[in-house]
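Asker: The amino acid sequence is not available; the structure is as follows:
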């Protein structure tokens, strides 16, 4: 193994999951939360890589507030494009390989089937555009990088759709959820585990863009239905669910109708695959609700 492993954005959902899974696997990580190293600061990033003899950097830092990005475009682009580019440049200078996390929201959602890595990107909103331009910045500054597009991430830390549903289910008699947007729900712990497996295999020198997300597809309504089926089994308060359309729940940012990811390429090249989203959701709920009780 050449050099250590550093995680930027260690305070987020994926960063926290990487720290937890690395601890369980007895893998040493250098963890940098935003308050420690701001990826938009090239000098700070370079110093972190140099001082810790980093061989692989994982960029889990991102501006992910999809709706707020519409009114905070400068900040979104500063982190998702400029920060990613600065980190890639620093990695190139220091001789470290970058594994950069991107998103399904680089697609416009008009495709009927799952999106492959070769499909053209056409983001609909500021968040998606900032991440798409971040991919370009990464490749331009560090061509040997690996870009991992993932989707609908949720974890034990931070705010996410799962926790929002649990809160609303405890407060309301009826919960209305969009049923005409499809994606690939991804448990942060599963994603983190396979990123660490990828790091172990990086000597294969394969680079480029890969999709890595939970297997299967679901709508937000179907995810909510699984959540409340589990709370019902636990004897917890469970609301009545109503399926609605995107038009009935307008948001500042337009979202792709379909952003399901085809993850067969990374399985072919690295033997890596995430579990089915229902299995993953069940394990997350068990961990979260078990800890909450």
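Answerer: Looks like it arrived, so ask away. This one's a predicted model, so the numbers in the text were calculated from it and none came from an experiment.
Asker: quick one, strands of the protein?
Answerer: For the chain, the strands defined by DSSP state E cover 4-8, 30-32, 54-59, 97-103, 146-150, 153-154, 174-178, 182-183, 186-187, 208-211, 218-219, 240-244.
Asker: what about stretch 49-64, how long is it end to end?
Answerer: End-to-end distance of stretch 49-64 (Cα to Cα, to the nearest Å): 24 Å.
Asker: ranking the strands of the chain by burial, who's on top?
Answerer: strand 186-187 (a mean of 26; mean count of other Cβ atoms under 10 Å). Every C-beta, even on glycine, is put in place using the N, C-alpha and C of the backbone.
Asker: Return the list of strands paired to it, each annotated with direction.
Answerer: Strand 186-187 sits in its sheet next to strand 153-154 (parallel), going by DSSP bridges.
Asker: roughly how far is the strand it pairs with from the heart of the chain?
Answerer: 6 Å (Cα atoms, centre = their mean, to the nearest Å).
Asker: what's the answer for stretch 186-206, then?
Answerer: Chain-centre distance of stretch 186-206: 13 Å, with Cα atoms, centre = their mean.
Asker: and residue 115, what is it in contact with?
Answerer: 104, 107, 211, 258, 259, 260, 261, 262 (Cβ atoms under 8 Å, 6 or more residues apart in numbering).
Asker: Identify the bridge partners of the closest residue to residue 212 other than its chain neighbours.
Answerer: Spatially, and ignoring its direct neighbours in sequence, residue 212 is nearest to residue 148 (4.8 Å; Cβ to Cβ, 6 or more residues apart in numbering). For residue 148, the beta-bridge partners are residue 101, residue 210 (DSSP bridges).
Asker: so what pLDDT did residue 202 get?
Answerer: Looking at residue 202, its pLDDT is 63.
Asker: what's the least confident helix or strand in this structure, going by average pLDDT?
Answerer: The helix or strand of the chain with the poorest confidence is helix 277-292; it has a mean of 89 (mean pLDDT, DSSP states H and E).
Asker: So which other helices or strands are in contact with that one?
Answerer: Counting contacts by 3 or more Cβ pairs under 8 Å, 6 or more residues apart in numbering; DSSP states H and E, helix 277-292 packs against helix 161-171, strand 186-187, helix 188-200, helix 220-233.
Asker: tally of neighbours for residue 276?
Answerer: 14 (other Cβ atoms under 10 Å).
Asker: Thanks a lot, catch you later.
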